[in-house]
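Chemist: okay, sequence plus prediction incoming.
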Amino acid sequence: MLGIAARLHDVGKIGIPDTVLLKPGKLSPEQYTQMQTHTLIGARILSGGRSELLRLAEEIALTHHERWDGGGYPRGLSGAQIPMSGRIVAIADVFDALTQARPYKRAWTLQEAIEEIQQQSGVHFDPSVVEAAVAVFNDPDLNSTGELVNLGAGQHSLDDLPLAQGRTCTRSRSLSTCWSSAPMSLSWPGSRPNTRPNTCSTWP
C-alpha cells in the first residue's frame, strides 16, 4: 500500500507554475518558498479521502519533506513527530532524485547516492530507516537486473486512487511532469560521470 500511496507524493506540484517547476537552474529564495507549498497543495488535493490508501497518500504528500533534525517543511516536524510513511518516502524521493538526470544535474551513481544518504543519517533522515534502506540498495537478490527497484509493485494501481471528493484534474505540463516521476522508481545508471553535484538536502 505504501508503494502505491507514495506515487502521489508530489501531486501538489500541479499547483506550482512551470516557470518554477521546470526551471533548469537554481531556484531563487522566493521560488524555493513557492515550491515548498506543493506539500500543502498535495495534502489539500488528497484530503477528505475515505479509504486508508488515500489517507496514507495525503500523509505522505504533507510530510515527505520533513527532516529528522526539524529543518524540513512545511511544519518543521522532527524525529518521531514525522509519520513513518513520510520518513520512508523522504529517503526514496531523495534517492530517486539523486540517481536521475535533471536539467541542472547529472545522475549520481548508486554508490554516490548511498554515501550521501548515509551522511544525512540523523540529520535529514531517520537513522533506522537509513540502515534499512541501505541494506535494500545493497542487496543484489532484490534487484537482479541492477536497473530498477519499483516501489509501486502490488495489487493496486493508480486507477484505485481517484482524487478525494470526486475531484478531477486537467492534464497539464505540470501534471505530466509530476506523474512522470510518480511511480517512485529507484534506479541507477551504469555510467560514472566526472563531477559530483550539490548535496540533496537543498533540493525541493
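Modeler: It's in.

Chemist: what's the longest helix seen in the chain packed up against?
Modeler: Secondary structure of the chain per DSSP state H: the longest helix is helix 84-99. Counting contacts by 3 or more CB pairs under 8 Å, 6 or more residues apart in numbering; DSSP states H and E, helix 84-99 packs against helix 2-5, helix 52-63, helix 110-119, helix 127-137, strand 185-187. All C-beta atoms are positioned from the backbone trio N, CA, C, and that covers glycine.

Chemist: with Gln36 as the reference, name the closest of these.
Modeler: Between Gln36 and the helices and strands packed on helix 84-99, the tightest spacing by CB to CB is seen for helix 52-63, at 11.8 Å.

Chemist: pLDDT of that closest one, averaged?
Modeler: Averaging pLDDT along helix 52-63 gives 97.

Chemist: other SSEs contacting that helix?
Modeler: So helix 52-63, by 3+ CB pairs under 8 Å, 6+ apart, packs with helix 2-5, helix 38-46, helix 84-99.

Chemist: avg pLDDT for the first one?
Modeler: Here the mean pLDDT over helix 2-5 is 94, rounded to a whole number.

Chemist: in the following helix or strand past that helix, what counts as buried?
Modeler: Later in the chain than helix 2-5, the nearest helix or strand by DSSP states H and E is helix 18-21. Judged by neighbour count using 16 or more other CB atoms under 10 Å, the buried positions of helix 18-21 are Val20, Leu21.

Chemist: beta partners of Phe125?
Modeler: Ser121 (DSSP bridges).

Chemist: next, count neighbours for it.
Modeler: Per other CB atoms under 10 Å, the neighbour tally for Phe125 reads 25.

Chemist: for it, give me its contacts.
Modeler: Neighbouring residues of Phe125 by CB atoms under 8 Å, 6 or more residues apart in numbering: Arg67, Trp68, Arg87, Ala90, Ile91, Val94, Ile117.

Chemist: which stretches of the protein have low pLDDT?
Modeler: 142-204 (pLDDT under 70).

Chemist: rerun at 50
Modeler: Judged by pLDDT under 50, the chain has its weakly predicted residues at 144-203.

Chemist: quick one: end-to-end length of stretch 57-74, please.
Modeler: End-to-end distance of stretch 57-74 (CA to CA, to the nearest Å): 16 Å.
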